Structures are given as structure tokens and as C-alpha cells.
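**Q** build me a model from this:
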Amino acid sequence: MCSGDCQHVNTSKRVLGHHRAMTTKRTTTRTRRPATRKTQPKQSPELRGIDLSSFFADDWSGVTPQTAIRVTSILACVRFIAQSIASCPVHVMRSEPGGRRSDARDLPIHRILSRYPNGWMSAYEWVELMAKWTALWGNAYSRIVSGPTGFIESLVPLHPSRVTPKLVGQEVFYEYFGPDGASRVYSQSQVLHFRWLSDNGYQGLVPADLCGTAVGLARKLDLAAMNYWDNSARPDVVLETDETIPEQAVQNLRQQWKETYGGPRNRGKTAILPKKMKVSTIASNSNEASQFMELRSAIVGEVARAFGIPSTLIGDSAMAKYSNVEQEFLSAQVFLLLPWQRRFEGAIDRSILASYGDDVYCKLDDRGLLRGDTAARAALYQSLFNMGAISPNEIRRLEDFDQLEDQAANETYMQLGFSTLGQAAQQIGGANVQ
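**A** Have a look, this model is predicted:
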């Protein structure tokens with residue numbers, strides 16, 4: 001038998017730990033089992049290298065790209081940027097003597113960038129994914145894979161949560177944690193890197209971190225709205241009675257009331273009350289309700305301002321006016337989409353096209369985004385045609401019409417209806433002489 005101070009050994013783990021900490025070391029002939037230690041469950045290989053805490057966060061206190069995309073206004077901004085940039089066809093251009101430019105269709109990289117970057121994505125899907133990652137994570141990566149056709153056979157996307165860029169000397173290296181759990185390091189020439197605003201020059205900042213206050217407030221407003229409707233769209237319901245009810249009966253009554261009348265699907269059901277009980281509701285405060293709606297509306301403008309998007313383009317109807325709709329689209333093109341185009345063009349020139357020389361460069365064609373209505377296009381084509389700046393076949397090409405086989409359709413023409421007074425007099429005098 002053990003001494004009296006051992007009587008609490010089998011009571012609980014907490015008491016056991018306290019007992020062992022307080023007693024002194026002693027020798028005993030009793031055979032003790034080896035202490036069993038709880039082992040942590042082995043992490044799945046495909047989840048290594050990714051912070052999973054944000055996937056299961058319920059309080060929305062940590063602002064991450066996963067939680068930020070749940071905000072409707074941020075989703076609208078990211079979608080607008082990604083789809084707009086992906087709608088601009090990617091062209092590989094070549095500068096020629098005399099200031100002329102032409103598509104470098106003879107280069108294998110032209111087909112990869114403009115048609116099929118890899119075996120499972122189109123050019124639109126690839127650009128859309130890169131733009132979405134850049135707008136949400138601040139960085140987007142694609143591994144440059146060589147093959148039989150040259151030093152670039154395909155572009156394989158690398159999720160930004162698995163990539164860590166590191167500047168070593170004058171070169172950037174990228175550590176990648178693959179789905180198999182293995183870590184690989186790629187050199188700067190093996191990765192196509194698109195980056196957002198940066199404070200070190202080689203890694204973009206995460207937009208969700210910069211506007212974390214607005215994102216956190218938006219998530220809390222969403223959570224408050226869900227709880228509002230889960231509680232039958234009423235702030236409070238009070239059940240009153242003069243009878244004495246046991247605590248357990250109170251809990252059961254509250255649970256039954258919530259299950260029967262709570263939630264939007266149970267809205268309008270007839271309430272059946274126990275004997276000597278009446279129900280009353282606490283009317284919502286109109287000021288609080290108006291403040292709630294004002295906050296939700298203000299979040300739209302706050303997020304749009306952070307991304308540089310006119311709020312009317314992501315559904316802010318309060319700021320939409322008949323007189324400023326067209327100007328908002330022009331502002332988005334000049335101050336938002338144009339910098340994004342230059343960002344993508346510069347990254348492709350830096351990582352891929354630099355090996356072809358300075359005469360080869362990337363160009364995102366944004367004419368589709370600036371396309372006017374039929375009347376505006378007809379007036380533009382007529383002006384260009386009359387001044388000899390465009391041929392009939394070029395007009396047909398811009399309108400996606402079949403080309404004319406007549407060689408005259410490839411010529412430019414100039415209207416000669418205007419002349420100087422002296423030349424006009426000479427022409428009149430010559431006609432009279434004849």
C-alpha cells in the first residue's frame with residue numbers, strides 16, 4: 001500500500017499531475033507502465049505549407065485572403081479586375097524599322113501566351129487566375145516549364161500560399177511547398193511572377209492586410225445580418241408569465257420557441273402559448289437599423305477606394321448618376337485597368353520576352369473594353385478613312401467582317417474636296433480656257 005499522500009493518484013489527471021509535481025523522487029519496486037504520450041495527427045501532405053487557421057475561423061478576427069473574398073464588395077472588385085484583364089487578348093509584338101509593329105506569330109511563345117499556356121487552361125482562364133491571385137494575395141506565380149519547342153513549353157500556376165520569394169544578392173529565389181509536402185527552390189528564370197504594390201521590390205503586399213479594418217468590419221456586419229434573420233428577424237422576443245417556472249422548463253421553452261418560430265422559413269407561423277403566458281416583442285431601434293444599413297453601404301465605397309475602382313462599377317447605386325456613368329468607365333480604364341495592363345506586360349517582358357531582345361514585347365489589347373456603340377464606331381471609321389489613316393479591309397477586320405479580295409480594299413484613300421483659293425481659281429480658269 002502507498003502512504004497517505006498517494007490517495008489521490010487515481011482521482012483525475014489534474015490531481016495526478018499535481019501530486020507528481022509535489023512529491024519527491026523515491027525508489028519503488030512497483031513496475032510502472034511507460035507513460036503514453038498523445039501524438040499529434042500527421043498532417044496531410046497536400047496541406048503542408050498552407051496556414052489553415054483562417055479556413056476554420058468563426059470570429060473573423062483574422063483578416064486573410066480566404067476571409068476577405070467572402071466580403072461581397074471585395075469579391076466584386078477582384079472579379080472586375082480579373083475578368084477585365086482577361087478580356088484583353090495577349091499579343092507578342094515585334095518592333096520593325098520605320099516605327100511599324102507586327103505580331104510575332106513566328107515565335108513559339110506567341111501561341112503559349114495568346115492561346116494555350118498549358119494543357120488544361122485557355123489564355124483567358126490563365127490570365128484571369130493570375131489577375132485574381134494578384135488582386136487577392138498580392139502575388140501570382142507560374143512556373144516556366146521547358147520542352148521540345150523551346151525554353152518555354154508551358155506555364156504552370158503555383159498557388160501563392162505555397163510560394164515564398166527570397167532575395168539573395170541580385171536574384172530572387174522562390175521556395176515552393178508542393179502538394180506532396182516536398183520543398184523545392186526555383187530560380188528567377190524559372191518563375192513568372194506578377195506582383196501588386198510592394199515595399200521591397202520583389203514581393204507584393206496582401207491587399208486584405210492593408211484594408212483589414214474594412215474587411216473585418218464587413219465580416220462582422222455579415223455575421224450580424226445572419227444572426228438577425230436566424231432570430232426570426234426580431235431583436236428580442238419576451239415570454240411573460242406570473243407563474244413560477246423551473247429553470248429546466250425555461251430552457252426547454254426557449255429551445256422549442258426557437259425551433260418552431262425562429263428563422264426566415266418559420267416566419268408567420270401561428271404561436272400557441274402555454275397557460276397564463278403572453279408574448280411581447282421589443283421593437284428595433286430605428287436609429288440602429290439605419291446605422292446598420294449606412295455601414296454596409298459605406299463598406300462598398302471603402303473597399304472600392306482601396307482597390308481603385310469606381311464604386312458604381314461594383315453595384316453602388318447611390319453614387320450612380322446618369323451624367324457620370326460614361327466617365328466612371330473611362331476613369332476605371334485610365335486609373336485602374338491601364339496600370340494592371342502595364343503590370344502584366346512588364347512581368348512577361350521581364351521574365352520571358354527579354355531573351356528575344358528589346359524588339360519583342362508583350363501587349364494586352366484593350367480595344368474591346370473601349371469599344372463604343374455602333375454610331376460612335378461608324379463616325380470614327382469614317383473620319384479615319386477620309387484622312388487616309390485606315391483602309392476598307394482594316395475597318396472590316398476591326399468589325400470582324402470577311403476580307404475583300406479586291407486589292408483596292410487594302411489601299412488608303414484621302415478626300416480631295418478641300419483646296420486653297422489659288423488652286424481653285426486656277427482649276428476654274430483652266431476649265432474656262434478649254
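
**Q** low-confidence regions, the stretch 151-300 of the chain specifically.
**A** Along the stretch 151-300 of the chain, segments meeting pLDDT under 70 span 231-236, 282-291.

**Q** quick one: the helices in it, in order.
**A** 207-210, 212-230, 247-261, 286-307 (DSSP state H, counting those that start in this stretch).

**Q** contact partners of the next helix or strand after the longest one?
**A** From helix 286-307 onward toward the C-terminus, using DSSP states H and E, the following helix or strand is helix 325-332. Outside of helix 325-332, the residues within contact range by C-beta atoms under 8 Å, 6 or more residues apart in numbering are 309-310, 312-313. Where you see a C-beta, it was placed from the backbone N, CA and C, and this is true even at glycine.

**Q** buried ones in stretch 159-169?
**A** 159-165 (16 or more other C-beta atoms under 10 Å).

**Q** same deal with stretch 216-230?
**A** Per 16+ other C-beta under 10 Å, stretch 216-230 contains these buried residues: 216-219, 221-222.

**Q** farthest pair in the contacts of helix 325-332?
**A** Farthest-apart pair in the contacts of helix 325-332 is Ile309 and Thr312; separation 9.2 Å (C-beta to C-beta).

**Q** ok so, going back, which of the buried residues of stretch 159-169 lies closest to Ser391?
**A** Once C-beta to C-beta is applied, the member of the buried residues of stretch 159-169 that ends up nearest Ser391 is Pro160, at 45.9 Å.

**Q** just give the nearest non-adjacent residue to that closest one, would you?
**A** Sequence neighbours aside, Trp137 is the residue nearest to Pro160 in space, at 4.1 Å (criterion: C-beta to C-beta, 6 or more residues apart in numbering).

**Q** and the one you found, what does it touch?
**A** 65, 160-161, 204, 206.

**Q** out of the contacts of helix 325-332, who's the most crowded?
**A** When neighbours are taken as other C-beta atoms under 10 Å, the top entry among those is Ile309 (25 neighbours).

**Q** contact partners for it?
**A** By C-beta under 8 Å, 6+ apart, the neighbours of Ile309 are 77, 80-81, 332, 336.

**Q** among the residues you listed, which are in helices?
**A** If you go by DSSP state H, those have 77, 80-81, 332 in helices.

**Q** tabulate these (JSON lines), appending distance to Leu421 and neighbour count.
**A** Compiled in JSON lines, these are given as follows (distance: C-beta to C-beta, whole Å; neighbours: other C-beta atoms under 10 Å):
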{"residue": "Cys77", "distance to Leu421": "59", "neighbour count": "25"}
{"residue": "Phe80", "distance to Leu421": "55", "neighbour count": "20"}
{"residue": "Ile81", "distance to Leu421": "56", "neighbour count": "23"}
{"residue": "Ala332", "distance to Leu421": "48", "neighbour count": "20"}
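
**Q** for Asn410, state which of these is nearest.
**A** For the ones in helices among the contacts of Ile309, the nearest to Asn410 is Ala332 (36.1 Å; C-beta to C-beta).

**Q** that closest one and Pro246, how far apart?
**A** Separation of Ala332 from Pro246 (C-beta to C-beta, to the nearest Å): 64 Å.

**Q** now do Leu404
**A** On the measure of C-beta to C-beta, Leu404 and Pro246 end up 93 Å apart.

**Q** repeat for Asp358
**A** Computed with C-beta to C-beta, the distance linking Asp358 and Pro246 is 86 Å.

**Q** try Asn410
**A** In terms of C-beta to C-beta, Asn410 sits 95 Å off from Pro246.

**Q** same check, this time on Phe385
**A** Distance from Phe385 to Pro246, counting by C-beta to C-beta: 91 Å.

**Q** if we can go back for a sec, what two of the contacts of Trp137 are the furthest from one another?
**A** Using C-beta to C-beta, the contacts of Trp137 reach their maximum pairwise distance at Ser161 and Gly204, which is 13.5 Å.

**Q** pLDDT wise, what is Arg94 at?
**A** In this model, Arg94 is scored at 94, pLDDT.

**Q** next, give phi and psi for the residue nearest to Pro160.
**A** As for Trp137, its main-chain torsions (degrees, to the nearest 10) stand at phi -100, psi -10.

**Q** got a list of what Phe151 touches?
**A** 144, 355.

**Q** rewinding a little: Asn410 and Pro246: which is more packed in?
**A** Under the criterion of other C-beta under 10 Å, the comparison of Asn410 against Pro246 puts Asn410 first, with 13 against 8.

**Q** for Ser102, see how far away the more buried one is.
**A** Note on Asn410: its distance to Ser102, by C-beta to C-beta, is 15 Å.

**Q** tell me where this structure has strands.
**A** Ranges of strands within the chain are 90-95, 101-103, 139-147, 150-158, 163-168, 171-177, 183-186, 191-195, 236-241, 277-282, 360-364, based on DSSP state E.
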